[in-house]
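Chemist: what's the 3D shape of this:
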Amino acid sequence: MGGPANGRLEGMTVVDQHTAAVAIPGPSLDDFEAARATVSAVAQVTPMEVSRYLEELLGVPVFMKCENLQRTGSYKIRGAFNRMSKLSEEERARGVVAASAGNHAQGVAFAAKELGIKATIFTPTGVALPKLQATRAYGAEVVLTGDTMIGPLRAASEFAKQTGAVRIPPFDHHDVVAGQGTVGLEILDQMPEVETVVVPIGGGGLMAGVASVMKQRAALEGRSIKVIGVQATNAAPYPLSIEAGKIVEVSVKPTIADGIAVSKPGELNFDIIKHTVDEVVTVDDDETARAILVLLERAKMVVEPAGAVAVAAVMSGLVKATGPTAVILSGGNIDPMILERVISRGLASSGRYMKMRIPLPDRPGQLARTSEIVADENANVVEVLHTRHGTGLQISQVELELHIETRGPEHAEQVLEALRREGYEPRTDF
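Modeler: All right, here's what the predicted structure looks like:
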């Protein structure tokens, strides 16, 4: 991913493993260290937790950087506070404005409260209630507008023009990147032997900061650190942009990883990432849901979908590592209602929750018989629908829909085979 950097070059020169030496644009190591001193006033040094489960999958030691345990529930407080701490007294007096549906809103609101700055946040009308309540609780004025982020972005821009409020971008700014990169400094302090780092990517603020820190420190120490980015399959502009050598905008499709659902890279972020990131992979919603479930069960961690994609990439076999690996859990702000749906999706995609439809003769005893077969296979029926109105049924038939908990794919197939042996024809929807 070499080539000449675009824009202002502030980072040090590192040796790209594929081409010649290149200069990393954006913050230098001194900038990142200065940002660390600044954000230490509000941000916690989050723990690195070992994951035996991921270690078994990857074959090397794996630690999770738990930014889901950060104040405001994500790493976003770092970049927002670093940026806002550099505002002049005149700029602070004008206030700040941001457009966000989630973690950036809370980061800006919290930073504004700590710095005594008035904050106005524009957000879509469908914003999750916990995020809305948290942002308001930090003292920001929240304005609901539009069904998507297009409305809030336009409204924030217009508000800035009319009032003079300073816009705080979520990722595409030198000071924001420097603040987010402090996560990388902490990883290096907590895990000096790290050889691979796996990072979620949306617009690229966290990825740019962490990757720049890793590559600059590795160059100074005469070693290599592999950096892998992860995007949601339905919102993945970085693989296409890196391949094209320029920013490519994509159409964002629905994804549970809404925190990283960005249509195009940030300009500064892309300049940094194309020189520092070794690979960008994508994961789909089912893979992300499985990761959230594993984090809940194995690590006792509540992680939002965007924050779990790095774990999803490891679980899906997309990460190849030869040494100690750090996986960033970038946030934990998930609506309990969404969490319930995601857990159900994770159970289904891991073969532990199965929905089946069975055509039955319309005569007494059929429901009892099928339930008996399922029970004999030690599966648990959690929901039943019995109807004469299913599509494709004969007049003499009914359709039974069963929702069943199983121990996994093999057990699910065992239940299906038992039903088939008794002459039934179950159709499944895992």
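
Chemist: Please make it C-alpha for all contacts and neighbour counts, starting now.
Modeler: OK.

Chemist: Surely Val303 touches Leu293?
Modeler: No: using C-alpha atoms under 8 Å as the test, Val303 is too far from Leu293 to be in contact (9.3 Å).

Chemist: which one of these two has more residues nearby?
Modeler: Between Val303 and Leu293, Val303 has the larger neighbour count (other C-alpha atoms under 10 Å), namely 27 against 24.

Chemist: Am I right that that one falls within a helix?
Modeler: No: Val303 is assigned coil when assessed by DSSP: H, G, I helix; E, B strand; the rest coil, not a helix.

Chemist: So it versus Phe171, what's the distance?
Modeler: From Val303 across to Phe171, the span is 21 Å (C-alpha to C-alpha, to the nearest Å).

Chemist: quick one: terminal-to-terminal distance for stretch 38-49?
Modeler: With C-alpha to C-alpha as the measure, stretch 38-49 spans 25 Å from end to end.

Chemist: buried stuff in that stretch?
Modeler: For stretch 38-49, the buried set under the neighbour-count rule, 16 or more other C-alpha atoms under 10 Å, comprises 38-39, 42-43, 45-48.

Chemist: For that stretch, which outside residues touch it?
Modeler: Residues outside stretch 38-49 that contact it (C-alpha atoms under 8 Å, 6 or more residues apart in numbering): 63-67, 69-71, 77-78, 81-82, 85, 179, 186-187, 190.

Chemist: mean confidence for that stretch?
Modeler: Stretch 38-49 shows an average pLDDT of 97 in the prediction.

Chemist: which stretches of the stretch 151-300 of the chain form strands?
Modeler: For the stretch 151-300 of the chain, the strands defined by DSSP state E, counting those that start in this stretch cover 166-167, 196-200, 226-232, 279-283.

Chemist: And those strands: which comes nearest Ala99?
Modeler: strand 166-167 (8.7 Å; C-alpha to C-alpha).

Chemist: Contacts for that closest one next, please.
Modeler: Contacts to strand 166-167, defined as C-alpha under 8 Å, 6+ apart, come from residues 91, 94-98, 156-157, 160.

Chemist: Now the buried residues of stretch 38-49 in JSON lines, please, with extra columns for distance to Glu249 and secondary structure.
Modeler: Below are the buried residues of stretch 38-49 laid out as JSON lines (distance: C-alpha to C-alpha, whole Å; DSSP: H, G, I helix; E, B strand; the rest coil):
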{"residue": "Thr38", "distance to Glu249": "34", "secondary structure": "helix"}
{"residue": "Val39", "distance to Glu249": "32", "secondary structure": "helix"}
{"residue": "Val42", "distance to Glu249": "34", "secondary structure": "coil"}
{"residue": "Ala43", "distance to Glu249": "33", "secondary structure": "coil"}
{"residue": "Val45", "distance to Glu249": "35", "secondary structure": "coil"}
{"residue": "Thr46", "distance to Glu249": "33", "secondary structure": "coil"}
{"residue": "Pro47", "distance to Glu249": "35", "secondary structure": "coil"}
{"residue": "Met48", "distance to Glu249": "34", "secondary structure": "strand"}
